[in-house]
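Engineer: Take a look and give me a structure for this.
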Amino acid sequence: MEKLTEKDLNFDLKADTQKEALHALAEQAFERGKIADTEIFYQELCNREKESTTGFGNGVAIPHARHGVVQEAGILVARCKNNLEWNSMDGEPVNVCICLIAPDDQNDFHLKTLAKISRRMIHDDFIDTLKNASEADVLAEINKVIE
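Structural biologist: Numbering: from 1, shown residues only. This next block holds a predicted model:
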């Protein structure tokens, strides 16, 4: 997977609900050429949420899905100005999403990337960067984590 660029960020995600946020992420993935079908990928993100929440805590969710419509593995990072109810593990709302996109045949990428990001989620400085830092700083931090 190539490094994240500014095109992989959306620091002005327009959503009032979890489903609106997931749909916006699917649309962004389509616009970036990562997926072939917005609606199918959106449904996969929703299906994943039904299995168990991706709301990690501290206002951050890591929605993710593997599917055949994915053309290229990737990561999207989004910030929402308002808080979204997400059924998070800590019961708190979400305003940052790190969306993992993986083809069906790349379970290794999917699991390794999820593990790398999850390990960083326990560090307050990482959470602070995700929530408050500039685009350049967020890109540098995420790219450092996924190397």
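Engineer: This protein: strands as residue ranges?
Structural biologist: For the chain, strands defined by DSSP state E occupy the ranges 9-13, 55-57, 60-61, 64-67, 74-84, 94-103.
Engineer: The helix or strand bottoming out on mean pLDDT in the chain vs strand 74-84, what angle?
Structural biologist: In the chain, the helix or strand scored least confidently by mean pLDDT, DSSP states H and E is helix 107-120, which has a mean of 86. With axes from the mean of the first three to the mean of the last three C-alpha atoms, to 10 degrees applied, the angle from helix 107-120 to strand 74-84 works out at 40 degrees.
Engineer: got the CA positions of helix 107-120 in PDB?
Structural biologist: These are the backbone C-alpha positions of helix 107-120, laid out as PDB (Å, rounded to 0.1, in the frame of the first residue of the first chain):
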ATOM      1  CA  ASN A 107      -6.500 -10.400   4.900                       C
ATOM      2  CA  ASP A 108      -2.800 -10.000   5.900                       C
ATOM      3  CA  PHE A 109      -2.800  -6.200   5.100                       C
ATOM      4  CA  HIS A 110      -6.200  -5.800   6.900                       C
ATOM      5  CA  LEU A 111      -5.200  -7.600  10.100                       C
ATOM      6  CA  LYS A 112      -1.700  -6.100  10.400                       C
ATOM      7  CA  THR A 113      -2.800  -2.600   9.700                       C
ATOM      8  CA  LEU A 114      -5.700  -2.900  12.200                       C
ATOM      9  CA  ALA A 115      -3.300  -4.200  14.800                       C
ATOM     10  CA  LYS A 116      -0.700  -1.500  14.200                       C
ATOM     11  CA  ILE A 117      -3.300   1.300  14.500                       C
ATOM     12  CA  SER A 118      -5.000  -0.300  17.500                       C
ATOM     13  CA  ARG A 119      -1.700  -0.500  19.400                       C
ATOM     14  CA  ARG A 120      -1.200   3.200  19.000                       C
END
